[in-house]
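Q: Please find the sequence and the predicted model below.
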Amino acid sequence: MRALIIGYGSPIRGDDAIGPLAADRLAAMDLPPDITVQARHILTAELVDDLRQVERVIFLDAAADSAPGEVRCRPLAPDPSAPSTMAHFHDPRELLAWCDTLYGHHPQAWLVTAGGADFGYANYRLSPLAEQALTRMLQQVLELLEFEQGHSSSLGEAAVAGVQEGPRY
Amino acid sequence: MSRTISIEPVTRIEGHARITLQLADTGEVEDARFHLTQFRGFEKFCEGRPYREMPALTARTCGICPVSHLLASNKACDDLLAVKIPPTAEKLRRIMNLAQMVQSHALSFFHLSSPDLLLGWDSDPAKRNIFGVMEADPDLARKGIRLRQIGQTAIEILGGKKIHPTWVVPGGVSEALSAEKRDAILKMIPEGLEIAKETFALYKSMVPKFKDEISHFGTKPTMFFSLVTPKGNLEHYDGLIRIKDAQGRIVEDMVPPSDYQRIVGEAVEDFTYMKFPYYKPMGYPKGIYRVGPLARLNNADTCGTPFADVALAEFRTLQDDGGPVTSAFHYHYARLVEIIYSLEMMQRLLKDPDILDPRVRARARGNRDEGIGVSEAPRGTLMHHYKIDDDGLITWVDLVIATGHNNLAMNQGIREVADAYVDGNHLREGMLNRVEAVIRCYDPCLSCASHAFGQMPMVIELRDASGYIVDRLSRD
């Protein structure tokens, strides 16, 4: 099953960087070739073309409405009315709806979020709580991939090692 | 009793804005204003920073236009270094700028304006959106996505990083282009050109339907301001400033961008956080001009690429008197011509034998205390102007933003459309949508355009949950 992981958020707004940072760490791991990873500032329209080509997508984002450090995972369904704060970028549910409307199908989708503690100015630097959440976030992604992808446990072992070591920023 | 209609937020644009229409007792429009309601302040908080940080700092002005700010800012830094960047670096920067044109214009046309163009201004507002377009013409929507993807992918291939690439640097670019990357971009271009040409043909066939809107959407006389090449042709990265009047007479020509302050003044008004640039010799507000795709095509003698020149010739027939194309509605047309041009020019530059030359960066320290960088962003001419002290720290910044140049024209445009369509005694949603649509013609980017000049008047309102004003602070 082809899968796409998209971590998104502003790299200069504190814990909002957790999405792209998580994506960067996943991209540095030895993931199977049918799993692609993207780090994004915002979700933009052309991502629909990537969504249509996969069976599964996992979005990684920071949450302002969760307790700091809390990691949540929930399935997403297409929703054309999902709010976009501006016309130039989109809610993941809206992108799924675009995909569904244009291509007649959409990937199975999950949203993994981590509650942020500090959204002040910073450059790819997380608060201690978010840093801890990042590790749990990656483990959550790997569980989703392993459970659905049917990859061997070696994926989990290799990946967890990558999570623990993690590239330095 | 007079009434005020407020259109808030203005939809399908970048950023937060409001339009207010002041109605007389008779129901006729007395005044119309476009308010930029968000405030940023980059010009002020960049002071004290090392000048080499400016490209990265100003690229954060906007999540949509970082490439445009990267280029103008690095050009200002090149000026501070007093270097002429290597020819291949200039070509590579040009390619990135053209890719930005493709993705930005595609978004404006296919996603923001096509609901009006395809479904009609009076169509059901619940369906007048991108999903309505997908239902009406899914193939067009798919092409729009693909065209934008081609532009974005080219930027990502060049920049090597998806978020805020640091590839463009003072003195050139940080890394030469590999043959593999060149081929990856070249491979996408034929498909992009095919989409662009098909869309251009489709749009041309639709234009006669919009006769009424074309005759009321921002047709009042303005000048046109843009960069042109030294030969007077279409230019997006470098070149010299040309200004033409509404009759096509050249008002200023071959003005070095370093002289922009001789011809561009900046005014402020108390109802918006967007500045009002104007042509200084004519004063404010008489010195109204427009920038962007419409101005660039009106000012250019030719595009310089085969199919874009054919399209430019057709563009010129839009104006019956043979003069500059004046209706703001034709920004849409001009964008499509520029997409074709950008793809053709990218292809030409990528096939240049020097494009893989490893010499792509000139190195120097700060050799001047003032630097100016001017380039064409998708929305128009973008100017970055910095002053530094002996330690290379920024002491003063002026950003003249593409959208800002069009501020006077956008305000004039909504008044013209409101006069033509809005009847205060029999309001219909389609009337107000047309007022918004004239703003969309300019594809404003308000995050970029919100800047202070001197001390701006400011009003802070504290409202309760029902919108009632419970407190108000003002500073004149």
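A: Great, that's in hand. Numbers count the residues shown, from 1 in each chain, chains lettered A, B, ... in the order given.
Q: Nearest to chain B within chain A, name that residue for me.
A: Using Cβ to the nearest Cβ, the closest approach of chain A to chain B is made by A:E46 at 3.7 Å. C-beta coordinates here come from the backbone N, C-alpha and C atoms, glycine included.
Q: which ones are touching the residue nearest in space to the middle of chain A?
A: Per Cα atoms, centre = their mean, the C-alpha nearest to the average position across chain A is that of A:L60, at 2.1 Å. Counting by Cβ atoms under 8 Å, 6 or more residues apart in numbering or on different chains, A:L60 touches A:I5, A:I6, A:G7, A:Y8, A:I18, A:G19, A:A22, A:A23, A:V112, A:T113, A:M137, A:V141.
Q: Out of these, list just those in helices.
A: A:I18, A:G19, A:A22, A:A23, A:M137, A:V141 (DSSP state H).
Q: before we move on, the earlier item: A strand includes the residue nearest to the centre of chain A, no?
A: Yes: with DSSP: H, G, I helix; E, B strand; the rest coil as the criterion, A:L60 is part of a strand.
Q: That one pairs with what?
A: A:G7, A:V112 (DSSP bridges).
Q: tell me the pLDDT at it?
A: If you check A:L60, the pLDDT there is 98.
Q: repeat for A:G150
A: 50.
Q: just the one 5 residues further on next, same as before
A: Confidence at A:L155, expressed as pLDDT, is 49.
Q: And the one 4 residues further on, by the same measure?
A: Residue-level confidence at A:A159 comes out at 49, pLDDT.
Q: Could you list the low-pLDDT ranges of chain A?
A: A:83-88, A:147-169 (pLDDT under 70).
Q: 50 instead, please
A: A:151-155, A:158-159, A:162-169 (pLDDT under 50).
Q: In it, what residue spans correspond to helices?
A: A:18-27, A:47-51, A:92-103, A:128-149, A:153-165.
Q: Make JSON lines out of these and add distance to B:L240.
A: Output for those, formatted as JSON lines (distance: least, Cβ to Cβ, whole Å):
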{"stretch": "helix A:18-27", "distance to B:L240": "40"}
{"stretch": "helix A:47-51", "distance to B:L240": "39"}
{"stretch": "helix A:92-103", "distance to B:L240": "42"}
{"stretch": "helix A:128-149", "distance to B:L240": "49"}
{"stretch": "helix A:153-165", "distance to B:L240": "53"}
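Q: do you know which of those lies nearest B:R368?
A: Closest of the helices of chain A to B:R368 is helix A:18-27, at 36.3 Å (criterion: Cβ to Cβ).
Q: could you dump the closest one to PDB, C-alpha only?
A: Taking C-alpha atoms only, helix A:18-27 is exported to PDB below (Å, rounded to 0.1, in the frame of the first residue of the first chain):
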ATOM      1  CA  ILE A  18       6.400  19.900  15.000                       C
ATOM      2  CA  GLY A  19       4.800  18.800  11.800                       C
ATOM      3  CA  PRO A  20       7.700  19.600   9.400                       C
ATOM      4  CA  LEU A  21      10.200  18.400  12.000                       C
ATOM      5  CA  ALA A  22       8.500  15.100  12.400                       C
ATOM      6  CA  ALA A  23       8.400  14.700   8.700                       C
ATOM      7  CA  ASP A  24      12.100  15.500   8.400                       C
ATOM      8  CA  ARG A  25      12.900  12.900  11.000                       C
ATOM      9  CA  LEU A  26      10.800  10.300   9.300                       C
ATOM     10  CA  ALA A  27      12.400  11.100   5.900                       C
END
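Q: can you give me the angle it makes with helix A:128-149?
A: 50 degrees (axes from the mean of the first three to the mean of the last three Cα atoms, to 10 degrees).
Q: helices or strands up against helix A:18-27?
A: Secondary-structure packing of helix A:18-27 (3 or more Cβ pairs under 8 Å, 6 or more residues apart in numbering or on different chains; DSSP states H and E): strand A:3-8, strand A:35-40, strand A:56-63, helix A:128-149, helix A:153-165.
Q: Next, the angle from that helix to strand A:3-8.
A: 140 degrees.
Q: The residue nearest to the centre of chain A and B:G63: what is the separation?
A: Relative to B:G63, A:L60 is positioned 18 Å away (Cβ to Cβ, to the nearest Å).
Q: likewise B:S375?
A: 19 Å.
Q: which of the two has more neighbours?
A: Remark: of B:S375 and B:G63, B:S375 carries more neighbours, 28 against 19, as counted by other Cβ atoms under 10 Å in any protein chain shown.
Q: tell me which residues in the helix or strand hosting the more buried one are buried?
A: In this assignment (DSSP states H and E), B:S375 forms part of strand B:370-377. Buried residues in strand B:370-377, counted by 16 or more other Cβ atoms under 10 Å in any protein chain shown: B:G371, B:I372, B:G373, B:V374, B:S375, B:E376, B:A377.
Q: try stretch B:199-206
A: Buried-residue list, stretch B:199-206, by 16+ other Cβ under 10 Å: B:T199, B:F200, B:Y203.
Q: thinking again about what came up before, now the helices of chain A as TSV including mean neighbour count and distance to B:N433?
A: As requested, the helices of chain A are exported to TSV (neighbours: other Cβ atoms under 10 Å in any protein chain shown; distance: least, Cβ to Cβ, whole Å):
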stretch	mean neighbour count	distance to B:N433
helix A:18-27	25	35
helix A:47-51	22	26
helix A:92-103	22	21
helix A:128-149	19	42
helix A:153-165	14	50
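Q: For B:I241, which of these is the nearest?
A: Proximity to B:I241 (Cβ to Cβ) singles out helix A:47-51 among those, at 37.5 Å.
Q: packing partners for the closest one?
A: Checked by 3+ Cβ pairs under 8 Å, 6+ apart, helix A:47-51 has strand A:3-8, strand A:35-40, helix A:92-103, helix B:138-159 packed alongside it.
Q: Using CSV, lay out those together with distance to B:L117.
A: Formatted as CSV, those follow (distance: least, Cβ to Cβ, whole Å):
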stretch, distance to B:L117
strand A:3-8, 30
strand A:35-40, 29
helix A:92-103, 18
helix B:138-159, 10
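Q: low-confidence ranges in chain B?
A: Checking chain B against pLDDT under 50 turns up B:453-458, B:460, B:463, B:475-476.
Q: most residues in a single helix of it, which one?
A: helix B:179-206.
Q: touching chain A at all, that one?
A: No: between helix B:179-206 and chain A, judged by Cβ under 8 Å from any Cβ of the partner chain, nothing touches; the nearest distance is 12.0 Å.
Q: Show me what that helix packs onto, helices and strands only.
A: Against helix B:179-206 (3+ Cβ pairs under 8 Å, 6+ apart) you get helix B:87-106, helix B:138-159, helix B:306-316, helix B:331-350.
Q: got the buried residues for the last one?
A: To tie it back to what came earlier, the one meant is helix B:331-350. B:331-347, B:349-350.
Q: and what of the shortest one?
A: By 16+ other Cβ under 10 Å, the buried positions in helix B:306-316 come out as B:F307, B:A308, B:D309, B:A311, B:L312, B:F315.
Q: mind putting these in TSV, distance to chain A included?
A: Shown next, in TSV, are the buried residues of helix B:306-316 (distance: Cβ to the nearest Cβ, whole Å):
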residue	distance to chain A
B:F307	24
B:A308	23
B:D309	28
B:A311	24
B:L312	27
B:F315	26
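Q: and which of those is nearest to B:I241?
A: B:L312 (20.0 Å).
Q: Nearest residue to the residue of chain A closest to chain B in space, ignoring adjacent ones along the chain?
A: B:Q149 (3.7 Å; Cβ to Cβ, 6 or more residues apart in numbering or on different chains).
Q: so what's the one you found up against?
A: So B:Q149 contacts A:E46, A:D49, B:Q103 (Cβ under 8 Å, 6+ apart).
Q: Distance check, the spatially most central residue of chain B against B:V291.
A: Nearest to the mean C-alpha position of chain B, counting by Cα atoms, centre = their mean, stands B:R379 at 1.1 Å. As judged by Cβ to Cβ, B:R379 and B:V291 stand 7 Å apart.
Q: who touches both of the two?
A: In contact with both B:R379 and B:V291: B:A402, B:N406, using Cβ under 8 Å, 6+ apart.
Q: Done for today, thanks.
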